[in-house]
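Chemist: Build me a structure from this.
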Amino acid sequence: MHTRQSDKKHAAASESEGKEAAAKKPPKVAFPKKNQPPTAAAFAARLPLALGKRFEMVRSYLLKQKEIKEDVYFYGPKTGWALRYLLDERPLCALLLYGDAPVGIVSLSAAAAAAVNWKGLTAYGQLAYKNAHGSPALLWLDVPLAGTGAADFKAILRAKIAVG
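Modeler: Numbering: from 1, shown residues only. As a prediction, this is how the structure comes out:
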């Protein structure tokens with residue numbers, strides 16, 4: 001027998017299943033087309049004001065360094081375009097949009113990882129360190145630039161730049 005109450009329960013169950021499926025679905029790639037490279041300004045323009053400011057804070061820090069160059073680089077259809085930073089022609093880090101969130105990606109050698117004061121970082125930086133992947137010789141961190149993550153990312157970059 002069908003009742004209104006059973007219809008409501010069924011609708012609520014279907015809605016929660018839809019939310020779970022959406023949560024498992026990877027976020028939409030911000031700039032997916034290889035033949036349409038974005039400008040550097042387009043990255044921050046896609047973000048809400050507060051996140052755009054954090055993104056620009058990290059970007060301006062990187063551009064103020066004498067030996068660092070910025071370019072727009074295509075990482076493939078699953079990642080799309082990102083801002084890549086080179087230190088003396090070697091990759092330093094990348095800034096990209098993961099869905100609607102700005103993320104900084106950096107690889108650290110064992111020496112650079114040892115130079116970072118991990119306990120001095122906020123929860124964003126410590127979580128990125130906990131979720132790091134790669135090997136002890138080359139550790140990869142994905143640091144969200146929301147909240148205090150931008151400051152943590154800059155601290156990690158300072159350590160990497162100092163080690164060279």
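Chemist: Geometrically speaking, which residue is the centre of the protein?
Modeler: Taking CA atoms, centre = their mean as the criterion, residue 103 is the residue nearest the geometric centre of the chain, at 1.5 Å.
Chemist: Relative to the helix or strand encompassing it, what are the paired strands and their orientations?
Modeler: Residue 103 is part of strand 101-109, with elements assigned from DSSP states H and E. Using DSSP bridges, the strands paired with strand 101-109 in its sheet are strand 90-98 (antiparallel), strand 138-144 (antiparallel).
Chemist: Serialize these to CSV and add fields for mean pLDDT and mean neighbour count.
Modeler: Bear in mind the C-beta positions are built from the backbone N, C-alpha and C, glycine included. Listed next are the strands paired with strand 101-109 as CSV, based on pLDDT from 0 to 100; neighbours: other CB atoms under 10 Å:
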stretch, mean pLDDT, mean neighbour count
strand 90-98, 94, 20
strand 138-144, 95, 19
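Chemist: Dump those into CSV; add distance to residue 151 as well.
Modeler: CSV is the format used below for the strands paired with strand 101-109 (distance: least, CB to CB, whole Å):
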stretch, distance to residue 151
strand 90-98, 15
strand 138-144, 10
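Chemist: So for residue 46, which of the ones you listed sits nearest?
Modeler: Taking CB to CB as the measure, those were each checked against residue 46, and strand 90-98 came out nearest at 6.3 Å.
Chemist: returning to that earlier point: for the strands paired with strand 101-109, which one sits closest to residue 158?
Modeler: Between the strands paired with strand 101-109, strand 90-98 lies closest to residue 158; by CB to CB that is 11.4 Å.
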